[in-house]
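**Student:** pasting the sequence and the predicted coordinates here, then a few questions.
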Amino acid sequence: MYRLAATLALVVCPALAGATEMQIQIEGEGANGIVTIDLLEDVAPNHVAQIAALAREGAYDGVVFHRVIDGFMAQTGDVQFGKMGQDLGRAGRGGSERPDLAAEFSDVPFDRGVVGMARSQHPDSANSQFFIMFDEGHFLNGQYTVVGRVTDGMDVVDAIKLGSGQNGAVVGQPDVMKSVTITD
């Protein structure tokens, strides 16, 4: 019933869309601070619902930024293999116990501060991982689902410890999402 009511609220009153915020407390060698993201429910309602549910369950707490490419993006959200304290050798290959999601492509461009869902080669494989853009990446437009936009703390995002090599794997101690909270 709640999902139906939320869906009807979006249809009847578009101003209610995008009313969910995610706050990420980041700690590490590079970044320390809070990043606030406006989750775009009107753009990707199913992806936003999944991210919000995982955050409310505490699934993102302690998850590292495992792939960080200078001038491109910082990726995190592997709740299966990306928790601090685990062997992080498989970080980036997992998801959650929730089902993968069908793509919700939009016309929102991948600009600096935009948050997108990571996925495998298959467009309908997004699950829990997401990335934050350091810079414009319009080659991703229409290929990945946009789920949000950083509204505060982009300086913290810019300070996330960079990875190395072509895939941006973080060597040593990666920065971590200490806690992730949702406010409506």
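**Tutor:** Everything's here; your move. Residues are numbered from 1 along each chain as shown.

**Student:** residues contacting the residue nearest to the spatial centre of the chain?
**Tutor:** Centroid-nearest residue in the chain, with C-alpha atoms, centre = their mean: F130, separated by 3.1 Å. By C-beta atoms under 8 Å, 6 or more residues apart in numbering, F130 lies in contact with 51, 75-77, 115-118, 147. To be clear about C-beta, it is placed using only N, CA and C from the backbone, and glycine gets the same treatment.

**Student:** how near is the closest residue to it other than its chain neighbours to A59?
**Tutor:** Residue nearest to F130 in three dimensions, not counting chain neighbours: G77, with 4.8 Å by C-beta to C-beta, 6 or more residues apart in numbering. According to C-beta to C-beta, to the nearest Å, G77 and A59 sit 9 Å apart.

**Student:** wait, which of the contacts of F130 is closest to I24?
**Tutor:** The shortest gap between I24 and any of those belongs to T76, at 8.5 Å (C-beta to C-beta).

**Student:** is the closest one in a bridge, and if so with what?
**Tutor:** Taking DSSP bridges as the rule, T76 bridges to F130.

**Student:** which element, helix or strand, includes the nearest residue to V64 once chain neighbours are set aside?
**Tutor:** Excluding the flanking residues, the one nearest V64 by C-beta to C-beta, 6+ apart is P174, at 4.1 Å. Secondary structure from DSSP states H and E places P174 outside every helix and strand.

**Student:** I'd say P174 and G28 touch.
**Tutor:** Yes: if you go by C-beta atoms under 8 Å, P174 and G28 touch, sitting 6.7 Å apart.

**Student:** can you count the residues close to the residue nearest to M154 when sequence neighbours are not counted?
**Tutor:** Closest residue to M154 apart from its sequence neighbours, by C-beta to C-beta, 6+ apart: G113 at 5.5 Å. By other C-beta atoms under 10 Å, 21 other residues sit near G113.

**Student:** same thing with N46?
**Tutor:** Neighbour number of N46 under other C-beta under 10 Å is 15.

**Student:** what kind of secondary structure is it in?
**Tutor:** helix (DSSP: H, G, I helix; E, B strand; the rest coil).
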